[in-house]
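Peer 1: Give me a 3D structure for the following:
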Amino acid sequence: MAPSRTLWLALILALAAIGRAAIDKDEGKFPAGRHHNLTASPSSPSDQHNVINLSLHTELPAPPPPGPAASFDLSRTRRLRDALNVFDLALLAAKWGQVETDGGIAANCSRDMRSYLAGLSDAKMWAVKMDDASGHYTSGFFYGNNYWMGSLALCDAIDDGLTPAPGKDGNNATDSAAPSGLPFAAAHTQAYSSVYNAPPPFVPGFYVIKMQLNETLPTQVLRTIYVGMCLPSSCSIADIGEMGARAHVELPSRDLRVLDIRVPTDKEFNIWADKTFCLLIVVSCIVMALICCGTLYEIYLRGKLKEALRRQDKEMMNNSETSSGIGCASSDYSDTMTAHDDPLKQSSRGHDHGHAHSESSNSLKQLDQLVLNLPPNDNDSGNGHHVDDPEHEHHHHHGGGGGVRGNDTSTSDEHLEGHLHEPEKLSIYSELLLSFSAITNFNAICDRNVGADTIPCIHGLRAFSMAWVILGHTCIVVFKYSDNMEMRKEVEQNFFFQAITNGPFSVDTFFFISGFLISYIYFRTNAKGKLNKLSKGANEFTAGTAHFLGLVAYRFMRLTAPYLFVLGVVQVTMKYLATYSIFDPPTMDHITCPDYWWRNILYINTLFPVDEMCMLWSWYLANDTQFYMIGAIILIVGVRHFKLSAITTLVFLVLSWITTAVIAFTNNHRPNTDDPLALFDKIYDKPWTRLGPYLIGMAVGWILFRTNCKIRLPKLTVASAWFLAMLNLFVLVFGLYRADLSQFTAAAYSSLSHSAWALSLAWITIACSTGYGGYINSLLSAPCLYPFSRVTYCAYLVHPIVIRSMALNSDAPLHLGGDLMVVMFFGLTVASYFLSFVVSMSFEAPVVTMLKILSPSRKKRLA
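Peer 2: Numbering: from 1, shown residues only. Alright, predicted model coming up:
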């Protein structure tokens with residue numbers, strides 16, 4: 001036994017001697033044993049946030065022999081925290097004499113830095129706080145913690161601008177002045193009353209240093225890290241860069257480069273001096289004044305009709321559904337607002353011009369139906385889809401009388417025409433003012449009924465898809481600004497997370513809805529002869545051109561008002577956040593928007609590189625508008641040449657599939673492993689790759705028009721169709737989970753998946769419109785979803801601003817977890833819809849009504 005113990009002791013001493021010799025020889029390198037136990041594969045230089053890929057050797061070191069507890073000396077071992085100490089004030093202080101001698105620092109910065117280092121040496125409270133406000137590596141490096149930010153709020157609060165009054169003993173007189181330099185100084189006065197808390201001899205500034213870390217030990221990794229430092233504000237960016245180069249130990253296993261330095265405390269952006277911000281303020285004040293005046297004017301007119309307003313059983317009458325996937329051109333507003341406007345004109349005749357009692361009685365009947373929105377006495381068509389005013393939605397420019405049905409059997413236009421020629425009507429200026437009434441607009445948005453031409457399930461599809469979009473964008477943004485980025489790779493292994501990864505299908509739902517509505521509404525409008533009547537006497541080409549230009553002009557005016565306002569808000573908001581946030585903005589909107597905003601207004605921004613795109617999420621509006629123009633041409637031609645339009649639609653669909661497949665194959669796009677936005681500039685946002693769902697939606701609109709929403713199918717066919725549709729949706733969302741696709745299969749999937757999604761939506765829409773929807777139709781047609789559906793356009797515009805503001809206004813990175821993500825999603829959804837209601841009532845609803853009032857056919861009837 002003795003020789004055995006002696007042998008073990010000799011072996012331990014030999015290993016210790018080898019380890020000590022290796023440490024002495026390498027002078028700061030990690031021990032050889034660690035290097036052999038931890039290896040890594042090099043990461044791609046193109047992805048600076050690349051995840052560390054560690055692979056452990058299968059050969060594990062032998063366990064230490066049993067015996068008395070051994071002690072270990074790690075004081076001479078370079079640990080991870082030493083390798084990640086990228087801005088060491090102690091090292092900088094030791095070199096400060098040499099730094100000043102070299103002359104790389106400005107005089108003011110050098111003087112203040114000397115005071116700061118002396119304050120740290122003397123443990124002065126303000127210097128300790130500045131050191132405390134500076135960031136450094138703490139933990140979680142292997143879990144994706146790239147933000148070592150410190151605290152901007154603490155650094156900014158150190159100097160609160162108060163000079164403490166000295167007491168008799170030379171200390172601060174806490175009775176006469178609160179201690180300076182404490183965050184929330186008033187709340188902590190008593191707790192820190194014994195601490196001498198003089199302010200610093202300079203104004204502190206906060207600097208965010210962006211560095212590229214290329215580390216080979218303990219693992220090969222290329223990371224971009226952000227370090228926040230609280231230093232004298234007199235130091236320039238060049239001074240901070242020079243100090244950053246001197247404040248870390250040069251290691252042979254590490255390459256550290258400063259990429260950028262930002263100064264959130266510089267306050268170089270004065271928002272009140274920004275022309276765009278001032279213009280937004282002026283526009284907002286004008287709109288707010290118009291809303292107040294319009295609301296008060298409606299209250300005044302309603303006050304004259306208080307007897308009629310006591311009636312009960314109110315029922316709103318809307319016209320038809322919108323012609324855009326996200327509600328970009330809703331007439332839900334205009335129909336209800338027209339119903340409110342016309343009776344006010346009637347009442348003006350009765351009060352201001354002393355009409356006979358019989359006419360006053362007739363006017364009150366009109367009020368019952370229009371102001372109070374009581375059901376009309378005339379019977380709707382038997383199929384429940386009464387053909388209302390055809391000049392709705394994108395077709396309002398052809399005639400905007402809209403949706404008013406009297407007690408006789410005449411059409412709504414004829415009913416209005418007999419009264420609108422009378423001189424006692426409200427002036428056009430009064431009508432325009434009433435279009436801003438908050439009462440009318442709010443009632444229109446929150447109306448629990450839908451118009452006769454409406455397919456109710458569209459509301460549900462739109463509302464749920466918008467929530468899906470918000471969820472996806474929330475995950476994208478918050479993952480970027482978290483201190484545990486590697487959590488994403490962990491949760492992506494979860495089966496149900498595929499619902500977020502495949503969130504881009506929600507946009508295909510919008511495209512499908514948009515194509516469906518333009519086709520369905522246009523064919524129903526044309527069937528009533530209104531379009532032909534408006535182009536009477538013109539040849540086919542002239543009439544078609546007039547229709548096309550009218551459709552495009554109406555859509556442009558209809559979309560651009562809220563879009564242009566939000567575009568200005570994005571430009572100002574991102575300028576502010578890019579200046580004052582400790583984080584880099586996710587996109588360069590503060591740079592691209594001032595230069596390229598005109599591309600957004602012309603809806604051609606997707607035809608240019610993504611690096612030049614302003615308001616990145618507006619790619620959908622550009623594509624939808626381009627599809628709308630293509631669809632309008634196909635529909636106008638299809639009225640008289642249906643076969644030609646059908647063939648053209650099929651050709652466009654097939655070409656879109658082929659183009660997408662070729663692009664995906666040549667770029668080796670793998671949807672099962674690649675990020676959905678990996679080829680954003682080549683596949684994701686390009687119109688020629690997203691056209692399929694729009695064309696399929698147009699086909700479904702034509703089918704429902706031709707069948708008048710009356711299709712009889714065997715129960716087995718219905719059940720089979722529902723099963724296949726649900727299975728298809730399930731496979732598209734969850735089918736790629738741990739799938740291994742070849743390059744050809746991946747290209748085919750990229751090409752056909754969007755259209756396959758639209759095919760399932762096609763059956764859902766047809767089934768819910770023809771009586772085969774069951775509980776799904778009840779869910780999608782729930783009245784509680786209508787208000788959210790009607791403001792989807794504005795919600796789509798504003799929700800990224802809400803998400804970015806939440807993330808970039810934070811003083812520290814987020815630490816993600818499942819519960820936090822759920823709370824953030826619901827909170828951001830509520831905030832987004834609140835703002836969307838405000839924008840919709842301020843810009844969207846008034847514009848719809850004004851376009852209806854100013855439409856050419858309306859003027860013709862008023863002549």
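Peer 1: My reading is that Val269 lies in a helix. Confirm?
Peer 2: Check again: residue 269 is Phe, not Val. No. Checked against DSSP: H, G, I helix; E, B strand; the rest coil, Phe269 lies outside a helix; its state is coil.
Peer 1: List the residues that contact it.
Peer 2: Going by CB atoms under 8 Å, 6 or more residues apart in numbering, Phe269 touches 575-576, 579-580. From N, CA and C alone the C-beta is placed, and that goes for glycine too.
Peer 1: Of these, which is the most crowded?
Peer 2: Lys575 (21 neighbours; other CB atoms under 10 Å).
Peer 1: Is Leu704 located within a strand, as I assumed?
Peer 2: No. Assignment of Leu704 by three-state DSSP gives helix, placing it outside any strand.
Peer 1: Would you convert the contacts of Phe269 into a markdown table that also reports pLDDT and distance to Ala661?
Peer 2: Shown next, in a markdown table, are these (pLDDT from 0 to 100; distance: CB to CB, whole Å):
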| residue | pLDDT | distance to Ala661 |
| --- | --- | --- |
| Lys575 | 93 | 41 |
| Tyr576 | 93 | 43 |
| Thr579 | 91 | 44 |
| Tyr580 | 92 | 46 |
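Peer 1: Averaged over its residues, which helix or strand of the chain has the lowest pLDDT?
Peer 2: Across the helices and strands of the chain, mean confidence by mean pLDDT, DSSP states H and E is lowest for strand 38-40: a mean of 33.
Peer 1: right, and Tyr737 touches Phe496 too?
Peer 2: No. If you go by CB atoms under 8 Å, Tyr737 and Phe496 don't touch, sitting 9.5 Å apart.
Peer 1: Pretty sure Ile663 sits against Trp657.
Peer 2: No. Here Ile663 does not reach Trp657: they are 11.2 Å apart, not a contact under CB under 8 Å.
Peer 1: how about low-confidence regions in the stretch 151-300 of the chain?
Peer 2: Where the stretch 151-300 of the chain drops to pLDDT under 70, the residues are 160-197, 217-219.
Peer 1: Same check on the chain?
Peer 2: In the chain (pLDDT under 70), the answer is 1-70, 160-197, 217-219, 304-425, 452-453, 529-538, 856-863.
Peer 1: so what does the longest helix that the chain contains touch, helix or strand wise?
Peer 2: Taking DSSP state H as the assignment, the helix of the chain that covers the most residues is helix 540-580. Helices and strands touching helix 540-580, by 3 or more CB pairs under 8 Å, 6 or more residues apart in numbering; DSSP states H and E, are helix 275-303, helix 530-534, helix 589-601, helix 619-638, helix 792-808, helix 818-839, helix 845-853.
Peer 1: How far does stretch 102-114 sit from its chain's centre?
Peer 2: With CA atoms, centre = their mean, to the nearest Å as the basis, stretch 102-114 stands 44 Å off its chain's centre.
Peer 1: Name the residues that touch that stretch?
Peer 2: Residues from elsewhere that reach stretch 102-114, judged by CB under 8 Å, 6+ apart: 96, 99-100, 201-202, 231-232, 234-236, 238-239, 242-243.
Peer 1: again, 10 Å this time
Peer 2: Outside stretch 102-114, the residues that touch it by CB atoms under 10 Å, 6 or more residues apart in numbering are 89, 92-93, 95-97, 99-100, 200-205, 231-236, 238-243, 245-246.
Peer 1: Just the CA atoms of that stretch, as CSV, please.
Peer 2: Extracted C-alpha coordinates of stretch 102-114, given in CSV (Å, rounded to 0.1, in the frame of the first residue of the first chain):
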residue,chain,number,x,y,z
ASP,A,102,1.6,60.4,-26.2
GLY,A,103,-0.9,63.3,-26.7
GLY,A,104,-3.8,61.3,-28.1
ILE,A,105,-6.3,62.8,-25.7
ALA,A,106,-7.7,66.4,-25.8
ALA,A,107,-6.7,68.7,-23.0
ASN,A,108,-10.2,69.1,-21.5
CYS,A,109,-10.8,65.3,-21.5
SER,A,110,-7.4,64.7,-20.1
ARG,A,111,-8.0,67.1,-17.2
ASP,A,112,-11.4,65.6,-16.4
MET,A,113,-10.2,62.1,-16.7
ARG,A,114,-7.3,62.9,-14.3
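Peer 1: Tyr207 belongs to a strand?
Peer 2: Yes. The assignment for Tyr207 by three-state DSSP puts it in a strand.
Peer 1: still on that earlier bit, of the contacts of stretch 102-114, select the buried ones using a ChimeraX command.
Peer 2: Here is the ChimeraX command that picks out the buried ones among the contacts of stretch 102-114, judged by 16 or more other CB atoms under 10 Å:
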select :89,92,93,96,99,200,202,204,205,231,232,233,234,235,239,240,241,242,243,246
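Peer 1: In helices, which of the contacts of stretch 102-114 fall?
Peer 2: Per DSSP H, the subset of the contacts of stretch 102-114 in helices is 89, 92-93, 96-97, 99-100, 238-243, 245-246.
Peer 1: Pick the one among these closest to Met850.
Peer 2: Ile240 (53.7 Å; CB to CB).
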